[in-house]
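Asks: turn this into a model:
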Amino acid sequence: MQCFWAELKEDSHIELLEHEAAKWLSMNELNSVEWLPADVKVVDAIAGSK
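Replies: Below you'll find the model as predicted:
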């Protein structure tokens, strides 16, 4: 899995081309998803970085 940290400008448009179920989450919403075990370390690192 590749992870990228990004911030979008208000007038930006993103087109999803690869994954069927994707969504943007704020830092407060990270725990609203039932993450796969392989993703938990990455999500924990992101949550601890801010």
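Asks: ranges for the helices of this protein?
Replies: 37-48 (DSSP state H).
Asks: just for it, where's the confidence low?
Replies: Within the chain, the segments meeting pLDDT under 70 span 1-3, 19-20, 50.
Asks: ranges for the strands of it?
Replies: Assigned by DSSP state E, the chain shows no strands.
Asks: centroid-wise, who is the farthest residue in this protein?
Replies: residue 11 (19.5 Å; C-alpha atoms, centre = their mean).
Asks: contact partners for it?
Replies: Listed by C-beta atoms under 8 Å, 6 or more residues apart in numbering, residue 11 has no contact partners. Every residue, glycine included, has its C-beta placed from N, CA and C.
Asks: ditto for the one 5 residues further on
Replies: Contacts were defined as C-beta under 8 Å, 6+ apart; by that measure residue 16 touches residue 22.
Asks: next one: phi and psi at the residue farthest from the centre of the chain?
Replies: phi -90, psi 10 (degrees, to the nearest 10).
Asks: any idea how far residue 4 is from it?
Replies: 20 Å (C-beta to C-beta, to the nearest Å).
Asks: what does residue 32 give?
Replies: 20 Å.
Asks: so between these two, which is more surrounded?
Replies: residue 32 (9 against 4; other C-beta atoms under 10 Å).
Asks: ok, now how distant is the more buried one from residue 9?
Replies: With C-beta to C-beta as the criterion, residue 32 and residue 9 are 24 Å apart.
Asks: counting neighbours, which bits of stretch 27-38 end up buried?
Replies: Within stretch 27-38, no residue is scored as buried using 16 or more other C-beta atoms under 10 Å.
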